[in-house]
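>>> Let's see this in three dimensions:
(3 chains)
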Amino acid sequence: MSSNTTAEEISSLSFSLDQFFLIIMGMVVYFMQCGFAFLEAGAVRSKNVTNILIKNVMDSFVSGIAYWIFGYAFAYGDGGKAQKFIGATYFASYDMPMDQYASFFFQYTFAATAATIVSGAVAERCEFIAYFAYSFVITGFIYPVVTHWAWGNGWLVDGYDYGGDIGQIAYQDFAGSGVVHVLGGVCAFIGAALLGPRIGRFQKGSNVIGTLRGHSVPIAALGGFVLFFGFLAFNGGSQLTISSEGDGAAVAVSVVNTIISASFAAFGSLIINRLHIFGNTWSLLVTINGALTGMVAACAGCNQMHPWSAAILGLFSAMSYTLWSTVMKKLNIDDPLDAVAVHFGGGITGVVLIAFLDKDDGILFNWDRKSGLKLGWQFVGLAAIIAWSALFSLLIFGILKCFGVLRVSREIEDKGLDIPKHNEPAYPVEAYGHGHVEKLIQILETQPMVVTQG
Amino acid sequence: RARLDLIEHNSNASIQWQQNTEENADIFFLIMMANTIFLMQGGFAFLEAGSVRSKNTTNILIKNLLDAFISGISYWMVGYAFGFGDGNAFIGYSGFALSGVEGSSYAYWFFQYVFAATAATIVSGAVAERCDFVAYLVYSSCITGFIYPVLTHWAWSSDGWLAVGFTDGPIEITYSDFAGSGIVHCAGGVAAFLAAAVMGPRIGRFDKETGNPVDIKGHSVPFAALGGFILLFGFLAFNGSSQGAISSAGDGVAVATAVKNTVLGGTGGAFLTLTLNRLKWIGDSTWSFLTTLNGCLAGMVAVCASCNQITTYGAFIIGIIGGVMYMITTWTVLKLKVDDPLDATAVHFGGGVWGVIACALFSTEFGVLYHWDKRSALQLAWQLAGLSAIITWTATLSFIMFYTLKKVSLLRVSFEFEMKGLDIPKHGEPAYPLESYGHGWGETGDALGSMVEKLRNKSPTINTKT
Amino acid sequence: RARLDLIEHNSNASIQWQQNTEENADIFFLIMMANTIFLMQGGFAFLEAGSVRSKNTTNILIKNLLDAFISGISYWMVGYAFGFGDGNAFIGYSGFALSGVEGSSYAYWFFQYVFAATAATIVSGAVAERCDFVAYLVYSSCITGFIYPVLTHWAWSSDGWLAVGFTDGPIEITYSDFAGSGIVHCAGGVAAFLAAAVMGPRIGRFDKETGNPVDIKGHSVPFAALGGFILLFGFLAFNGSSQGAISSAGDGVAVATAVKNTVLGGTGGAFLTLTLNRLKWIGDSTWSFLTTLNGCLAGMVAVCASCNQITTYGAFIIGIIGGVMYMITTWTVLKLKVDDPLDATAVHFGGGVWGVIACALFSTEFGVLYHWDKRSALQLAWQLAGLSAIITWTATLSFIMFYTLKKVSLLRVSFEFEMKGLDIPKHGEPAYPLESYGHGWGETGDALGSMVEKLRNKSPTINTKT
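The predicted structure is shown next:
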C-alpha cells in the first residue's frame, strides 16, 4: 500500500520536474526573440529601426495565434491515416490534455524562432502586411509539418528498418539544425530573393557592393549576447525531459558541445575575416555571426558528440558561414543580417556532419554500411526540408509579390519606414539635447586642447 | 525479519528523501523564477528610459535601479512582516528584519520581495521627468514597506480577510487573484495615477490655451523595446511562478497553464491595440510600436489574476478586452488632463481592474460564464469587494503621501531643472556626453565633425552656447 | 513471500530512481544557473561599452564577446585540468581537453567555465580604450587557461592546499570562499590593476602639468545601466549556484540564503555609495548613478565569500563596508595615477579583499564576532593566508605577462590609434556610422538636419554626400 503511494508520488515528482524544465527552458528560448530583435535593429539604418522592432515583437504573437490554432495540431496532433505526414488533432488546443501545455509552450517558442529568422533577411524593405502573412504561414503550416516529420511521429523520425545488424535508421536532428534553422534559412533566402536588394546595395553594371551599415554596433551586440544566452537553453532544452536516467548528463553534454562549437566557430570566423581577401579587420559582427553559426550547427547532434568533435564542427561552420555569405553576394541577393549564411549555412553543416561525428555510429567512428545509410538519411531529410520550405515560401512570397504587397514603395524605402508606417522615429531629434552648458562646448569656446605624443 | 527491517528502513529513508527533494525543488523553482522577475527591474528601467527625453535618462535609470534596493531594505525591515508575518486579518506583525524567520522561508521572502519591487517600480513611470529625487525615495519606501505589503496580507496570507472570505451555507468564497492583477498591478496603477495627478503635467504637455495634449516623444524607441522584451520574458516567470511551488501533484500543470495563458493574453492585447490604433477614428492610423507593446503588457496584466484556471481561448479573450481597457483608460487619463508619460495607469490599472473581474467571469472553476449560479454570483461580488478595498486603501494612502510631499515642496523639481533636464544638476551624468562622441578617422558622411570644425574656424556668428 | 519480493523490488527501483533524480536535478540546477551567469558576459560588455568613448565601443564589445569564447577554448583544453583534474595540492593534471572526463561532470565543467570567463572579463574594463588586440588575446587565454584555474585548484578542489587547510588538535581549518570573493574577484581585480598600471593611463587622463585627473566620460549611461542590470541578474545566480547542487538536504535553504544575502549586500553597498557621493567633502554632491551601481556591485562581490553562512543584517553590514572599500580603493588608485576606466580594481579587488576577511568575521559558524575563540582566530589567519597567496600568485604572474607584452611592444596601441579611436582601423566597424542615421521625413525640431541643409546651400565647400 505505502509502496504504491510512493510510486505515485514519485511519478508525480518526476512529472513536475519535467514540466518545470520545459517551462524554464522555453522561457529562455522565448527571450531569444529579444536577441533577434536587437541583432536586427542594430544592423539596419536608424530610419527603419522601429519597423524591425515591431516585426520582432509581433513574431511572438503572430506565432502565438498561428501555432495555437493550427501549428501544434499539425505538428504533434494525431494524424490518423496521414500520421506519417501530418497531425490533425488539438486544433486551438481543443481536447488537448492538460499535461501537454508545457510541451505546447516549449514547441511554440521554437516555432517563433523559426519565423523570426526570416525578418532579418527581408529587413528595411518588406511591407508590414506581407510580414504578417508569411509569419502566419510559417508558424502555422510550413514549420509544424516539418517538425511532425522529424520530431512528431512522421516519416523522417521513423526512418526505415533495414533489418539485421543495422536495424532502424532515421533522420537525426536533436535541436533542429535542419528543422528550425535550415527551414528558416531557406524561407529567408526565398524572401530576400523575391524582394530584391535594397536600393543602393548592388550597382548595375559593376561588381561594386554598397555597404549599407547598420546604425548601431552596440545594439547588434546586445542581440548577440542575448542570443547566446538563449541558444544554450535552445540546445539543452531539446532533451525535453529531465527526470529519466541520463537526462541530466545529456543536457550537460549538449550545452558543453554548443559552447565549444561556438568558441571554435567564433575564432574561425574572426581569423578568416582578418585575412586580406575578406576584410583584414577584427570584425565584431562577423564574429557574432560566426559564433551563432557554430551554435546552429551544434543543434543537430550536440547530445551525441565528443567535445573535440564539436571543435571540428565549429571550424567547419565558420567556413560554411564565410562561404554562404560570399555566395549570397555573388548571387546579388541582399540579406542585411546574413541570416541565410548563419542559419542555412550552419544548419546544413550540422545536419551533414553529425553523420560523421556521432560518437556511436558516425562515419569517423564506425566505417560501415550503417553509418553510410545514416548519412544517406541525413541527406534525405535535408532535401525534404529544403524542398518543402522552398516550395511553400516561394508560393507565399510569390503570391504577395503578385498582389504588390510584398515591398514598400520606393519613396518610403528611400526615406525610411518608421515615420509613415509607425509614426515613431527611433530617435526623435526633438527629444534630445538639454539646457546645460556642456563640456564639449566649453572646449570649443576656449582653445582646443592640443595633445602631442610623449 | 532482517530483510523486513531493511525494507522499512529504506522506505523511511525514501520518505525523508522525498521531503528533502520536494523542498529543494520548490526552493529552486522559486529562486529561479524570482531571479527572472528581478530582471524585470531592468525591463521597466529601459521601457521608461526610452520613453523620456534624453535630458532625464540618467534620472529615470537611477530611480529604477534604486527601486530594487530600497525595497531590499524596506521589505526586509518591515514589509515582509506586515505582509506574511503572523497577525490578524488586517495586518501581520512578526518577523521584522527577518528575525525568527526560518531558513526555509528565505526563498519565499526573496520571491515576495521581487513582487514588491515590481509594484513600486510601476509608479516611477508615471512621475517621470519631474519628480524630485527625495520624493521618490520616500514614496518608494512607503509603498514597498507598508502600502503594498498590507494588501498582500489581505489577499495572499492565510489569515487575511480577503483570502479567508466568507461562507454561505456550503459555499465558500475567497478572493482569487493568482499572480496579482489586483494586488500588484491595480494597486501600482492607482498609486501611479494619483502621483501623476497630484504632481501635475510636465511643462508643455497640454497646450496652454486650447488644453489639447501635445505629444512629448521619448528619445529612443530601441531602448523602450528592449525594456518591453525583458518585461515579456519576466512576465512569463511572474505569472508562472505564482503557483509558489513545483513539487506537489498538479503544480507542473498549473505552471504550464499559467505560462501558456500569459502568452495568449499578451497576444490578444497586442493584436487588439495594433488594429485599433491603425483605424482612423481611434488611433493615428499607423502601426504604432509603443501602443502595441503597452497593449500586450495590458493583456498580460489582465490574465494575471486567473491565468491558472482559464481556458486558452478564455485567455485570448481576456487579453483582447485588456487591450480595450488599455485604450479606454489612456483616453480617460488624457481627458482628465493627467500626464502619465509611460501610460503606466492605463496598462496596470486598466489591465488590472479588468483582470480581477475577468477572473470571476472566465474561471473554469467558478466563472459566471461557465456556471450561472449563486456561487459564481457571490464570487463576482467578492472580487468586486476586493477590488474596491484595494483601490480605496491604495488611493487614500498614496493621496495622503503625495499631497504631504507636495505641501512640503519636495514633490516636484524646480521649473528651471525641469526645463533644462535633471541629469546634469542632480546626477552630474548626462546620458550621452557630447564630448565622448566622434572619432578622428574622417568617415563617409561625417557631417557633424566637419561642421564643428568649420564653425569653429569660419563663422564666429553662430553661437553654440545656450 | 512474493509480496515481500515485490516490495523489495519496488524499494530498490525507488532508490535507483532517487539517485537518477538527484543527479538530474543537480545538473539541471547547474546548467540553468550557469547559463544565467553566462549572460553576465553581456552585462560586463555593456557596462564597459557605456563607459568608454564612442570611438572605442566596438573594440570593447568584441573583447567581451571573445572572453566567453577564448575561455571556451583555453578552459576546455587546459584550464579545467589544472583546476579540477587529479593532481597534487598545488595543481591538477588530468582531463586535458575533457578527455577521460565523464558525461556527468560536463555540467560541472560548464559551471566552472562561466566562472573562469567572469574572472577574465574583469580585466578588460581596466585596460579599455588602449589595449592592443593581440595583447588581449594573450592575457585572456593565460588567465582562463592557467592563472585562474590554479587558484580554483587551491581553494575549491578537494586536494588543494587551501581547501585541505590544517588541523590543530580537534580544530580543522579550511579556507572558506563560497562564491569566490577571493578566487574570482580579488584575483581578477589584482590582474586588472597590474594591467592598468603597466599599460599607463589613457592620453589626457592626468593633466600633464598639474597631474590632476581629468574626467573622461563614457559615451552612454543607458548602456552602462543595461550592463548593470544584467550583472545584478547574473550575480544572484553567481552566488546562489555556488552551492553546486540542489538535491541534498539543506541545499535549497543554502541557495535561498545566499540569494537573499546577495540582495542585501548589494543594497548596503548601493546606499552607502549613493549617500557618500552626495556629501560635499567626499563625492561630487550629486546622486551619481554609476557610483551607485559600482557600489552595489562591490557590495555583492563582498558577500560572495560568505553569503551562505551569514545572517541577513550581517550581509547588509558587509555590503556597507564593501561600499566603503570601493570608495577608498577608487581614491587610492587615482592617487597612484593608475587609470582604470571602469573602476574594475575598486569594485573587484576592494570588494573581494574585504569579502574574504568578512567571512572570517561574520560567519555564524566560525566568525570572530560570534565565537571569540581560538578556532575563529585561526580561521581569520588562514583566510588572510589564502588572500595573500591569491594576491601574490596573481600579481606575480600578471606582472610578468603584461611586462613581457610591453617589452615586445604588443601591449598598447599606437598614439595615433588611441587618439583617433580603435573601432575603424582595428575592426572596420564604427559603433554608430553617421551615414546610417537620419531619415527623409522632416521632423519637428530637426535642428541638425536643417543646419546641414543650410550649410550645404551656403558654403559649397562642405560636401556631405557620399
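>>> Just give the closest residue to B:Leu405, not the sequence neighbours.
B:Leu411 (4.3 Å; CB to CB, 6 or more residues apart in numbering or on different chains). C-beta coordinates here come from the backbone N, C-alpha and C atoms, glycine included.
>>> For B:Val198, see how far away the one you found is.
From B:Leu411 across to B:Val198, the span is 7 Å (CB to CB, to the nearest Å).
>>> The stretch 101-250 of chain B against chain C: which residues are in contact?
By CB under 8 Å from any CB of the partner chain, the residues of the stretch 101-250 of chain B that approach chain C are B:Gly103, B:Ser104, B:Tyr106, B:Ala107, B:Trp109, B:Phe110, B:Tyr113, B:Phe133, B:Ser220, B:Phe223, B:Leu226.
>>> what residues are up against the fifth one?
Right, B:Trp109. B:Trp76, B:Tyr80, B:Leu98, B:Val101, C:Lys260 (CB atoms under 8 Å, 6 or more residues apart in numbering or on different chains).
>>> Check whether the spatially closest residue to the second one that is not a sequence neighbour sits in a helix, strand or coil.
Setting aside the residues directly before and after it, B:Tyr80 is nearest to B:Trp109 in space (CB to CB, 6+ apart), at 5.6 Å. For B:Trp109, the secondary-structure state derived from DSSP: H, G, I helix; E, B strand; the rest coil is helix.
>>> Return the distance of B:Trp109 relative to C:Tyr313.
B:Trp109 is 14 Å from C:Tyr313, where distance means CB to CB.
>>> Same check on B:Trp331?
Distance from B:Trp331 to C:Tyr313, by CB to CB: 49 Å.
>>> The two: which is more packed in?
In this view B:Trp331 and C:Tyr313 are compared by other CB atoms under 10 Å in any protein chain shown, and C:Tyr313 has more residues nearby, 16 against 12.
>>> Can you give me the buried ones in whichever strand or helix holds that one?
For C:Tyr313, the element it lies in under DSSP states H and E is helix C:312-335. Neighbour-count burial for helix C:312-335 flags C:312-327, C:329-330, C:333-334 (criterion: 16 or more other CB atoms under 10 Å in any protein chain shown).
>>> Kindly report the same for stretch B:422-433.
B:Leu422, B:Asp423, B:Ile424, B:Lys426, B:His427, B:Gly428, B:Glu429, B:Pro430, B:Ala431, B:Tyr432, B:Pro433.
>>> doesn't B:Thr57 make contact with the second one?
Yes - taking contact to mean CB atoms under 8 Å, the distance of 6.5 Å between B:Asp423 and B:Thr57 places them in contact.
>>> shared neighbours of those two, anything?
Here B:Asp423 and B:Thr57 share the contacting residues B:Ala431, C:Val221, scored by CB under 8 Å, 6+ apart.
>>> Leaving out chain neighbours, which residue sits closest to A:Arg410?
A:Ile199 (7.1 Å).
>>> Please see if the host helix or strand of B:Val259 touches chain A.
Secondary structure from DSSP H and E places B:Val259 in helix B:251-278. Yes - using CB under 8 Å from any CB, helix B:251-278 comes into contact with chain A via B:251-253, B:255-257, B:259-260, B:263-264, B:266-267, B:270-271, B:274.
>>> Return the members of those residues classed as buried.
Buried members of those, scored by 16+ other CB under 10 Å, are B:251-253, B:255-257, B:259-260, B:263-264, B:266-267, B:270-271, B:274.
>>> near chain C, anything from stretch A:356-366?
No - under the criterion of CB under 8 Å from any CB, chain C is not reached by stretch A:356-366; the shortest gap measures 10.5 Å.
>>> And the strands in the stretch 151-300 of chain A?
A:160-161, A:168-169 (DSSP state E, counting those that start in this stretch).
>>> Quick one, grab the pLDDT at residue 31.
Here I'm looking at chain A. Confidence at A:Phe31, expressed as pLDDT, is 94.
>>> Correction: the question concerned chain B.
Confidence at B:Ile31, expressed as pLDDT, is 92.
>>> just A:Gln453 next, same as before
For A:Gln453, the model assigns a pLDDT of 50.
>>> what's near enough to touch the residue of the stretch 151-300 of chain B found nearest chain C?
Nearest to chain C in the stretch 151-300 of chain B, going by CB to the nearest CB, is B:Phe223, at a distance of 6.0 Å. Counting by CB under 8 Å, 6+ apart, B:Phe223 touches B:Phe46, B:Leu47, B:Ala49, B:Gly50, C:Pro222.
>>> Looks to me like it is in a strand.
No - B:Phe223 sits outside any strand when classified using three-state DSSP, being helix.
>>> Excluding sequence neighbours, find me the nearest residue to it.
Closest to B:Phe223 by CB to CB, 6+ apart is B:Gly50, at 3.2 Å.
>>> The residue nearest to B:Leu336 when sequence neighbours are not counted sits in which helix or strand?
In this structure, B:Leu336 finds its nearest non-sequential neighbour in B:Ala197, 7.5 Å apart by CB to CB, 6+ apart. Using DSSP H and E, B:Ala197 falls within helix B:187-199.
>>> Okay, strands next: where are they in chain B?
For chain B, strands defined by DSSP state E occupy the ranges B:166-168, B:171-173.
>>> Take those strands and lay them out in JSON lines including distance to B:Phe289.
Compiled in JSON lines, the strands of chain B are given as follows (distance: least, CB to CB, whole Å):
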{"stretch": "strand B:166-168", "distance to B:Phe289": "46"}
{"stretch": "strand B:171-173", "distance to B:Phe289": "42"}
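>>> can you tell which of these is closest to C:Phe289?
Closest approach to C:Phe289 among those (CB to CB): strand B:171-173, 48.1 Å.
>>> helices and strands around that closest one, which ones?
Packing partners of strand B:171-173 (3 or more CB pairs under 8 Å, 6 or more residues apart in numbering or on different chains; DSSP states H and E): strand B:166-168, helix B:374-407.
>>> Need the winner for burial among these.
Compared across these, helix B:374-407 shows the largest average neighbour count, a mean of 18 (mean count of other CB atoms under 10 Å in any protein chain shown).
>>> That one versus helix B:187-199: what angle between them?
Helix B:374-407 runs at 30 degrees relative to helix B:187-199, counting by axes from the mean of the first three to the mean of the last three CA atoms, to 10 degrees.
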